[in-house]
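Trainee: sequence and predicted structure, then a few things I'm wondering about:
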There are 4 protein chains.
Amino acid sequence: MSGIRSKQKAERPEQILEAALDEFRKTGYGATRLEDIAKRIGVTKGTIYLYFESKEKLFESLITSLSAPLAQEFQENEWEWTDDIAADLDYILSRLYNFIFEHHKFRELLRLLVSEADRFPQFVDENYSEFIAPILQSLSKRFDAGIAAGQIEPTDTHELARFVVAPVLSLNIMSLLFGNRRAIDCDTFISTHRKVLLRGLLKPGAKEGEGGQSE
Amino acid sequence: MSGIRSKQKAERPEQILEAALDEFRKTGYGATRLEDIAKRIGVTKGTIYLYFESKEKLFESLITSLSAPLAQEFQENEWEWTDDIAADLDYILSRLYNFIFEHHKFRELLRLLVSEADRFPQFVDENYSEFIAPILQSLSKRFDAGIAAGQIEPTDTHELARFVVAPVLSLNIMSLLFGNRRAIDCDTFISTHRKVLLRGLLKPGAKEGEGGQSE
Amino acid sequence: MSGIRSKQKAERPEQILEAALDEFRKTGYGATRLEDIAKRIGVTKGTIYLYFESKEKLFESLITSLSAPLAQEFQENEWEWTDDIAADLDYILSRLYNFIFEHHKFRELLRLLVSEADRFPQFVDENYSEFIAPILQSLSKRFDAGIAAGQIEPTDTHELARFVVAPVLSLNIMSLLFGNRRAIDCDTFISTHRKVLLRGLLKPGAKEGEGGQSE
Amino acid sequence: MSGIRSKQKAERPEQILEAALDEFRKTGYGATRLEDIAKRIGVTKGTIYLYFESKEKLFESLITSLSAPLAQEFQENEWEWTDDIAADLDYILSRLYNFIFEHHKFRELLRLLVSEADRFPQFVDENYSEFIAPILQSLSKRFDAGIAAGQIEPTDTHELARFVVAPVLSLNIMSLLFGNRRAIDCDTFISTHRKVLLRGLLKPGAKEGEGGQSE
DNA sequence: AATGAATGAGATTTCATTCAT
DNA sequence: AATGAATGAAATCTCATTCAT
């Protein structure tokens, strides 16, 4: 019941999960040895079994521990809209990018989900419904309002939302693939993203061309 | 007999690679057992060793066998541009999407790369330089021309290329995550993609707002 | 407080031994975990080590604690004989059966001895000499007297003693094997036992037959 | 497909079971290490897993492999009765004792059943119904006939059957407890057994005494 | 007296790899 | 070309034992 002891005990699961994330990322779920996870925090493999009943359960707890705070963050920080569509876009982009670059863990969660999607489909679905769907929902609602206000060309706003998120996801994947080997200029990326969304690729006034089949 | 035999022999490596892909996807590289790969094509573990010297080499051959034809396809079918930027965009999108939905294997290659990026960085780099870089290169060249011709607002065309590719990559990831559990309406997706690229989100004539910081 | 405490302390070893017996029976010595024994009495593993220095010593103490009172009971209650052989047989049977059905623990002691006979032969021998041998001794002495008094056909009285005990042992084994799944009608059992011992299987007057080789 | 290879393969399971029996007996189920079983037949522990999927399954197979031939032997060798009750008793005793002393394995089966009765009650029941019940059945049928023919005093013949079997079981238990440390004079044992059954303990003509409550 | 977190030796189990057939 | 029995190194997992609190 000493302070030190009980504090350490309380933090152990977190420590283990953190170490597990690092090892799973580095080595992949299948090839990671529990002993390496243990060594990382200076305990022995037996200790892990005091807190997690198997490697698989540890993995599941890891997924949960990664996605739970992300979901919570979204639930706690409602998107706040203005009347200004451009300002709102900036706001959206900055929140989306922050989400990725502040959360090293988000990237790795995505990696684990992609890697193990067939083995743990329930986690994919959970994560989708917990914070991917809400994000898309929130964005498409804003776009609906934008269409109603004549700010945005009428279209399928849910699909539109995906396009706003897509480059962020894409950036995330690149980051997973290249790690630190390929630096990414995030500011340029965001600014390009913003520009394209606002104006499209075309120069204002440029004829859109005859090939365009409108739907 | 020798005809059948030799034909079988010639096809064995391919069979094995196909089976390996299925198993690696389902179970992940580390957790996949060679025996399961063998069982899939009705042979035994030992047979695999007649064609591949180890599990790791098998994995490497798999990556190569997946990316080589993709790279070749790109090399053999140069992108062909017109003067019409909208038509070229249609062309780009159709080629990119075709690439994904014709090539089930492309998706899985991406999964393997994401999963094992830290263990096999050389494969990531190889694939990048073999056909991701060329695609981006090709697109950005077209955009340069578009800028020169006054069709496109001047900007970093390499970044621009990423934005054109991003939704495709994103769609790919979704497909990896959800498999067959979530149907994707590809036509709507493409059409939305096209519209946004051509015009941006904003309605022509809408004021772009005061929040826009120009860079 | 100290009253309760010290009382608890005094009873702990007994509690532990009781719990140990239950677990050893259920799971076998080798497979029983100290933690389960501890849980049974609401303490933790460590507590056991305050009273027993190892699992093996605990087992040894258990054997001793089971057999000691049994041996004592026999030593304190000398068999008391009359001149009436039939009455003495009744007395013998009732004491033997009482011994078993009053002492749930006797049965389990036997199980432990059978299970671990090769690992702990000293316990088998101890128990044998402490109360199996004395019982047999006592019975065979009575039979010797019976032979001398012309009540019993001359024979190896030690072997005879075994036959008197055998059905009791056999009943014990059945009880170990079937637990509560198979009810045993003890009264009928005793009465049959008595009858056979007194008269044998044969009807008085029945010809014993020619197959009988006399020894 | 070579003779040697395939023969060895066919015999492996048997070899393993034999070795397992020896080790389980010596060390108890829980404390036996698969490696020791493997070593006994000159293979490595991995080999065991080619034939048995776990230690527990190995144990179960062992029980089955021990009891199956015993049950079969009983089914194939029907008890054959004559009109001579004494001759039939001799026959019964000799078959029962043969069963035990020819079958070293029978003894050990009993040990395993007693040891693990609470963990594997289904095996106890299986064995009971497969050859203990049939034996008792067969004997009691003979005794019924004996009663009908006036050879035997009327009584509960099923209980009677137990008394005939009991000393054999008892001998078996003694043998399990003392192994080779205490030699057993089997002939004397059988002969005493026979004598008691035929005539009871009492000398013919001896007054049965007044203590006898007849039922 | 009791706890329970931690250990670490050792058990079970897995599986890539080999090789005689 | 293929097999599949066997290996053995290494993984997961267990648990008797310790010891700081």
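Mentor: It's in. Numbers count the residues shown, from 1 in each chain, chains lettered A, B, ... in the order given.
Trainee: give the residue spans of chain A that score low on pLDDT.
Mentor: Applying pLDDT under 70 to chain A flags the ranges A:1-9, A:102, A:201-215.
Trainee: kindly list the longest helix within it.
Mentor: helix A:3-27 (DSSP state H).
Trainee: which neighbouring elements make contact with that helix?
Mentor: Under the contact criterion of 3 or more CB pairs under 8 Å, 6 or more residues apart in numbering or on different chains; DSSP states H and E, helix A:3-27 touches helix A:34-40, helix A:45-51, helix A:55-76, helix A:104-116. Heads up, the C-betas are built off the backbone N, CA and C, glycines and all.
Trainee: in three-state terms, label the residue nearest to A:K26 when sequence neighbours are not counted for me.
Mentor: Among residues not flanking A:K26 along the chain, B:D118 sits closest, at 5.3 Å (CB to CB, 6 or more residues apart in numbering or on different chains). Of the three states, B:D118 takes coil under DSSP: H, G, I helix; E, B strand; the rest coil.
Trainee: A:E23 is in contact with B:D118, correct?
Mentor: No: counting by CB atoms under 8 Å, B:D118 sits too far from A:E23 to count as a contact (10.6 Å).
Trainee: between these two, point out the one with more neighbours.
Mentor: A:E23 (21 against 15; other CB atoms under 10 Å in any protein chain shown).
Trainee: wait, that one sits on A:A38?
Mentor: No: A:E23 lies out of contact with A:A38 (CB under 8 Å); the separation is 9.7 Å.
Trainee: and D:S54, which of the helices and strands packed on helix A:3-27 is closest to it?
Mentor: Among these, the nearest to D:S54 by CB to CB is helix A:55-76 (18.1 Å).
Trainee: what sits up against the closest one?
Mentor: In this structure, residues lying in contact with helix A:55-76 by CB atoms under 8 Å, 6 or more residues apart in numbering or on different chains are A:13-14, A:16-17, A:20-21, A:24, A:29, A:34, A:48, A:52, A:99, A:103, A:105-106, A:108-109, A:112-113, A:116, A:120, A:123, A:126-127, A:130-131, A:134-135.
Trainee: just the buried residues of these.
Mentor: A:13, A:16-17, A:20-21, A:24, A:29, A:34, A:48, A:52, A:99, A:105-106, A:108-109, A:112-113, A:116, A:120, A:123, A:126-127, A:130-131, A:134-135 (16 or more other CB atoms under 10 Å in any protein chain shown).
Trainee: just these that are near DNA strand F?
Mentor: A:L34 (CB under 7 Å from any atom of the strand).
Trainee: tell me the contacts of the residue nearest the centre of chain A?
Mentor: In chain A, the residue lying closest to the centroid (CA atoms, centre = their mean) is A:F106, at 4.5 Å. Counting by CB under 8 Å, 6+ apart, A:F106 touches A:66, A:70, A:99-100, A:172.
Trainee: ok, the residues you listed vs chain B, which is closest?
Mentor: For the contacts of A:F106, the minimum distance to chain B (CB to the nearest CB) is 8.8 Å, reached by A:N172.
Trainee: A strand includes the closest one, no?
Mentor: No: using three-state DSSP, the secondary structure at A:N172 is helix, not a strand.
Trainee: tally up the residues packed near the closest residue to chain D within chain A, please.
Mentor: Here chain A gets closest to chain D at one residue, A:S54, 16.2 Å apart by CB to the nearest CB. For A:S54, the neighbour count with other CB under 10 Å is 11.
Trainee: got the domain ranges for chain A?
Mentor: Following automatic domain parsing, chain A resolves into domains at A:1-52, A:63-199.
Trainee: how close does A:G46 sit to D:S115?
Mentor: 29 Å (CB to CB, to the nearest Å).
Trainee: isn't there a strand covering A:W79?
Mentor: No: per three-state DSSP, A:W79 lies outside any strand segment and is coil.
Trainee: so for it, what's the nearest residue that isn't a sequence neighbour?
Mentor: A:S138 (4.7 Å).
Trainee: so where does the one you found fall, helix or strand?
Mentor: helix A:133-148 (DSSP states H and E).
Trainee: got the angle for that helix vs helix A:55-76?
Mentor: Counting by axes from the mean of the first three to the mean of the last three CA atoms, to 10 degrees, helix A:133-148 lies at 30 degrees to helix A:55-76.
Trainee: chain A against chain D: which residues are in contact?
Mentor: Taking CB under 8 Å from any CB of the partner chain as the criterion, chain D has no neighbours within chain A.
Trainee: ok and the residue in chain A nearest DNA strand E?
Mentor: Nearest to DNA strand E, among the residues of chain A, is A:G46, at 2.2 Å (CB to the nearest atom of the strand).
Trainee: count the residues that sit near A:R95.
Mentor: Counted with other CB under 10 Å, residues neighbouring A:R95 total 15.
Trainee: for A:R142, what are its contacts?
Mentor: A:79, A:81, A:88, A:92.
Trainee: so which of these is the closest to C:E153?
Mentor: Nearest to C:E153 among the contacts of A:R142: A:W79, at 103.8 Å, using CB to CB.
Trainee: what's the separation between that closest one and chain C?
Mentor: According to CB to the nearest CB, to the nearest Å, A:W79 stands 50 Å off from chain C.
Trainee: you'd agree A:P167 is up against A:H193?
Mentor: Yes: A:P167 lies in contact with A:H193 (CB under 8 Å); the separation is 5.2 Å.
Trainee: if you count what's nearby, which of the two comes out ahead?
Mentor: Ranked by neighbour count (other CB under 10 Å), A:P167 and A:H193 place A:P167 first, with 27 against 23.
Trainee: check whether the strand or helix carrying that one comes into contact with chain B.
Mentor: Using DSSP H and E, A:P167 sits within helix A:157-178. Yes: contact of helix A:157-178 with chain B (CB under 8 Å from any CB) involves A:159-160, A:162-163, A:165-167, A:169-171, A:173, A:176-178.
Trainee: thinking again about what came up before, most neighbours per residue, which of the helices and strands packed on helix A:3-27?
Mentor: helix A:104-116 (a mean of 20; mean count of other CB atoms under 10 Å in any protein chain shown).
Trainee: and the next element down the chain from that helix?
Mentor: Assigned by DSSP H and E, the successor of helix A:104-116 is helix A:121-127.
Trainee: contacts for that next one next, please.
Mentor: A:60, A:63-64, A:67, A:109, A:113, A:116-117, B:177-179, B:181.
Trainee: packing partners of the one helix or strand A:S191 maps to?
Mentor: Using DSSP H and E, A:S191 sits within helix A:186-199. With contacts taken as 3+ CB pairs under 8 Å, 6+ apart, helix A:186-199 sits against helix A:85-102, helix A:157-178, helix B:157-178, helix B:186-199.
Trainee: so which of the ones you listed comes closest to C:A148?
Mentor: Taking these one by one with CB to CB, helix B:157-178 is closest: 94.5 Å.
Trainee: is any residue of the closest one near chain A?
Mentor: Yes: for helix B:157-178, a contact with chain A is found by CB under 8 Å from any CB, at B:159-160, B:162-163, B:165-167, B:169-171, B:173, B:176-178.
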